[in-house]
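Asker: Sequence and computational prediction follow.
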Amino acid sequence: MTLKEFGELNTERFLHDAFDEGCQQTLIRAARFRRNVYLVLFLVGFVCIFIAGLSGLLLLSILSLFLSTLSLVVMTKYDTQVFFLTIIKNKGKS
């Protein structure tokens, strides 16, 4: 399975593919897959914060917080793409 490289939302190639009905489902599936990967990283980092905190490892707890924060930021990017692509797909049907 090859996933397309998204880049930014407002590039010409992404907008061209987003409005193409043949590419919409592929883009939505790829964005959901990436969003779910970063969601899992966020949840793992969040759990590691508590495990490291209870173990008394402050540095590991801080690094887990950094992982969770970074994963949440990247996850929201892909969540925005899924939302944008879903709106375009639904507008095209009506």
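Answerer: Received, thanks. What you see is a predicted model; the values in this text were computed from it and never measured.
Asker: So which residues of this protein form helices?
Answerer: Under the criterion DSSP state H, the chain contains helices at 12-19, 21-55, 58-93.
Asker: what packs against the shortest one?
Answerer: In this structure, helix 12-19 makes packing contacts with helix 21-55, helix 58-93, judged by 3 or more Cβ pairs under 8 Å, 6 or more residues apart in numbering; DSSP states H and E. C-beta coordinates here come from the backbone N, C-alpha and C atoms, glycine included.
Asker: Can you list the buried residues in it?
Answerer: Phe14, Asp17, Ala18 (16 or more other Cβ atoms under 10 Å).
Asker: Stretch 21-38 too?
Answerer: Using 16+ other Cβ under 10 Å as the test for burial, stretch 21-38 gives Gln24, Leu27, Ile28, Ala30, Ala31, Arg32, Arg34, Arg35, Tyr38.
Asker: who touches the fifth one in this structure?
Answerer: This means Ala31. Phe6, Tyr78, Gln81, Val82, Leu85 (Cβ atoms under 8 Å, 6 or more residues apart in numbering).
Asker: Touching, Leu41 and Leu67? I think so.
Answerer: Yes: Leu41 is within contact range of Leu67, at 6.6 Å (criterion: Cβ atoms under 8 Å).
Asker: I'd like the distance between Val41 and Lys93.
Answerer: One thing to correct before we go on: residue 41 is Leu, not Val. Using Cβ to Cβ, to the nearest Å, we find Leu41 at a distance of 33 Å from Lys93.
Asker: if we can go back for a sec, can you tell me which one of the buried residues of helix 12-19 carries the smallest pLDDT value?
Answerer: The lowest pLDDT within these belongs to Phe14, with 72.
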